[in-house]
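*Asks:* when you get a sec, could you give me coordinates for this:
(chains A and B)
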Amino acid sequence: MRILRRACIACLTVLASCRNATRPGYAFVSNEMSHTVSVVDLSVNAVVATIPIVGRPRGIQRSPDGKTVYVTSSDDQPGREGSADGIVAIEVATRRVKTMYHIGTDPEQFAVTPDGAFLYASNEDGGTATAIDARTGTFVATLVVGIEPEGVAISPDGRWAVVTSETSNSVSVIDTHTNTVVQNILVDLRPRAVAFTPDGSRLFVTSEVGGSVTAIDGRSFAVLKTIPLEGGEGKPMGVAVSPDGARVYVANGRTNTVSVLDAATYRVVSTIPVGKRPWGVTISRDGRRVYTADGMTNSISVIDVAQAKVVATITVGERPWGIALVP
Amino acid sequence: MAQVISRRIFLTHTALLVATRGTWLHSAPTLRVAALPSTSTDARGMGLTLGAEEASHAAALFGGAFELVALLPGSLRRAGISAVIGDGDCARSTTLSAMADDAGIPFFNVGCSADTLRRCRRSTFHVAPSDAMKRDARVARVARVARVAARGAGEVVAWHSSLVRFGADTLNRRFRERFGTAMTADAWTAWLATKILWETALRARSADPRVLMDALVSDSTQFDGHKGLPLSFRAWDHQLRQPLYVMQGERATEVPVALRPGEPARALLDRLGAPSCAS
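*Replies:* Numbers count the residues shown, from 1 in each chain, chains lettered A, B, ... in the order given. Sure thing, here's the model as predicted:
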């Protein structure tokens, strides 16, 4: 009897995990103009909830345990910190705002450490990056980076936080153990977003005005290659790397496309038309779906990776900016 | 000379130097640029000040340095000056242009729009748009928008404090916070001149004037001026390719010079201003 019971529990566990693995989950989409976050049920491709945000939401990330979605909020008075400036924490289960952390003026992008303990955010006006405790929101460190800091990513092992800076065309590398800037990297014009490969061996930085993406070694932080996209006309913004590290997806804002790069050869293997002005881009855990936030069509595009084309378009709020996926 | 470095900037640089000591991947030069004396309250002086502060910040990231010094009589030939930035006086700019040629160092025209200054001197680079560019911009604007033709297009400018797109709002905000006033076109060209000079030196890893001049007209050299398109110098007349704006009341509107499919941005920008040297 005991053996049978254990077997049943094992079967149920496997079934549950299989269900989780195949269930597409939810997309939390930040809508910059409507000051909301749309919750999209990806199993039916429909908005099932809309969460008001006090300010203008842009950068959006989930906690590693999937229980919290963080989104930046900016007030309409950039240059001075107001009550709407900060990072909002949304409880996924209740889809309610549970707290807000104030991290300086006009926050735009940030990243969560793999253990979920800290957030690293860029402060555009201050030329700094800020590390805060994800549980309490207390400041841990403020670091001087380049001019007009923007994109943030953290290496999969949690050791490095990298911050792009648009005006100085630079990427600053922060050692999270010591919270010091240990290196600065010169890249193409107006770097925006940055993403690591899952093994941390490389990172990819988009350059909006340069019209390119730059591959950087994840250990030496040497520039490996700068890859032009869309004949320089695309204004690359969001970037995501597939879970197997084989493909890099870049949202080309102006040309309304996503470039798919072979991460080994750096060649563009396909270009997929999506909605207008794709900005944020993210990829599902199984690597089968890529999602873009299409700012000028108020929608997200669902790309089937195998078919290399959009298979669904979901209307969300006004001027969608970024997407975070939760199970 | 408007080169008082604020306490915040000084502390920033000190922090950067301490934090990143000995870890630069990119060997960076020390660049010394001379500019005509100005006050800290005129537009060009403010643009130079902000540009120098930001170039110093960016230089410190990579272990380099940027210095803005006053241009004094005879100092063009003084060792260590890598470039000269002028002002809006066309007669003075013409003299400096000739002197820079003799000295073999780049001269940046940041205020004179006269086509007659565009004489294809090897050492002269025009950040300020030419009269020809402004004329073409006005024609393009009027041709594209009927209501503008009816009312008459306003002044053509290289920059305006009402610009928002492509990070223009962040630059306008930085300027206003630093000086308490709006960033004008004169301030923008001066700011951009310092940015261009520093970035060119950093990418070329040299402050040698001749290296800089070659790099400035290289096909691969381009800059971000918060205008959305990559900016570059025409190899033949050293005019900076750049989008321009037509004033409509208190707001600046980008000149709608259409990009044809498959056409590079440079070709678009070359439609503004005759792409040839003045005789």
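*Asks:* ranges for the strands of the stretch 101-250 of chain A?
*Replies:* For the stretch 101-250 of chain A, applying DSSP state E, counting those that start in this stretch gives strands covering A:107-112, A:118-123, A:128-133, A:139-144, A:149-154, A:160-165, A:170-175, A:180-186, A:191-196, A:202-207, A:212-217, A:223-228, A:236-241, A:247-252.
*Asks:* residues in contact with the spatially closest residue to residue A:185 that is not a sequence neighbour?
*Replies:* Nearest non-adjacent residue to residue A:185, counting by CB to CB, 6 or more residues apart in numbering or on different chains: residue A:171, 4.3 Å away. The C-beta positions use only the backbone N, C-alpha and C, and glycine is treated the same way. Contacts were defined as CB atoms under 8 Å, 6 or more residues apart in numbering or on different chains; by that measure residue A:171 touches A:146, A:162-165, A:184-185, A:187, A:191, A:194, A:205, A:216, A:221.
*Asks:* what about 6 Å?
*Replies:* A:162, A:164, A:185, A:187, A:205 (CB atoms under 6 Å, 6 or more residues apart in numbering or on different chains).
*Asks:* any stretches of the chain with poor pLDDT?
*Replies:* No chain specified, so I'll use chain A. A:1-22, A:76-81 (pLDDT under 70).
*Asks:* I was after chain B.
*Replies:* Residues of chain B meeting the criterion pLDDT under 70: B:1-26, B:40, B:77-79, B:142-153, B:256-263, B:274-279.
*Asks:* strands along that one, start to end?
*Replies:* Ranges of strands within chain B are B:30-35, B:65-70, B:83-85, B:107-109, B:124-126, B:156-157, B:232-233, B:240-241, B:245-248, B:251-254, based on DSSP state E.
*Asks:* can I get the strands of the stretch 101-250 of chain A in a markdown table including distance to residue B:68?
*Replies:* Compiled in a markdown table, the strands of the stretch 101-250 of chain A are given as follows (distance: least, CB to CB, whole Å):
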| stretch | distance to residue B:68 |
| --- | --- |
| strand A:107-112 | 30 |
| strand A:118-123 | 26 |
| strand A:128-133 | 24 |
| strand A:139-144 | 21 |
| strand A:149-154 | 24 |
| strand A:160-165 | 21 |
| strand A:170-175 | 21 |
| strand A:180-186 | 21 |
| strand A:191-196 | 26 |
| strand A:202-207 | 27 |
| strand A:212-217 | 30 |
| strand A:223-228 | 29 |
| strand A:236-241 | 33 |
| strand A:247-252 | 38 |
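*Asks:* hang on, the earlier thing: which strand residues bridge the residue nearest to residue A:185?
*Replies:* Residues in a beta bridge with residue A:171, per DSSP bridges, are residue A:164, residue A:185.
*Asks:* try residue A:88
*Replies:* Going by DSSP bridges, residue A:88 forms beta bridges with residue A:71, residue A:100.
*Asks:* what's the local residue count around it?
*Replies:* Neighbourhood size, residue A:88 [other CB atoms under 10 Å in any protein chain shown]: 23.
*Asks:* please report how far it lies from chain B.
*Replies:* As judged by CB to the nearest CB, to the nearest Å, residue A:88 and chain B stand 22 Å apart.
*Asks:* surely residue A:324 meets residue A:70?
*Replies:* No: in terms of CB atoms under 6 Å, residue A:324 does not count as a neighbour of residue A:70; the distance is 8.1 Å.
*Asks:* who has more neighbours, those two?
*Replies:* A count of neighbours by other CB under 10 Å puts residue A:324 above the other of residue A:324 and residue A:70, at 26 against 23.
*Asks:* surely the more buried one is in a helix?
*Replies:* No: remark: residue A:324 does not belong to a helix; assigned using DSSP: H, G, I helix; E, B strand; the rest coil, it is strand.
*Asks:* give the contact list for it.
*Replies:* Counting by CB under 6 Å, 6+ apart, residue A:324 touches A:28, A:60, A:61, A:62, A:69.
*Asks:* circling back to that earlier point, mind putting the strands of chain B in CSV, mean neighbour count and distance to chain A included?
*Replies:* Formatted as CSV, these follow (neighbours: other CB atoms under 10 Å in any protein chain shown; distance: least, CB to the nearest CB, whole Å):
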stretch, mean neighbour count, distance to chain A
strand B:30-35, 22, 15
strand B:65-70, 19, 12
strand B:83-85, 28, 19
strand B:107-109, 28, 19
strand B:124-126, 27, 18
strand B:156-157, 22, 20
strand B:232-233, 22, 11
strand B:240-241, 25, 13
strand B:245-248, 20, 17
strand B:251-254, 18, 14
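*Asks:* tabulate those (CSV), appending distance to residue B:98.
*Replies:* Output for the strands of chain B, formatted as CSV (distance: least, CB to CB, whole Å):
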stretch, distance to residue B:98
strand B:30-35, 16
strand B:65-70, 20
strand B:83-85, 12
strand B:107-109, 9
strand B:124-126, 9
strand B:156-157, 28
strand B:232-233, 19
strand B:240-241, 20
strand B:245-248, 32
strand B:251-254, 34
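*Asks:* cheers, nothing more for now.
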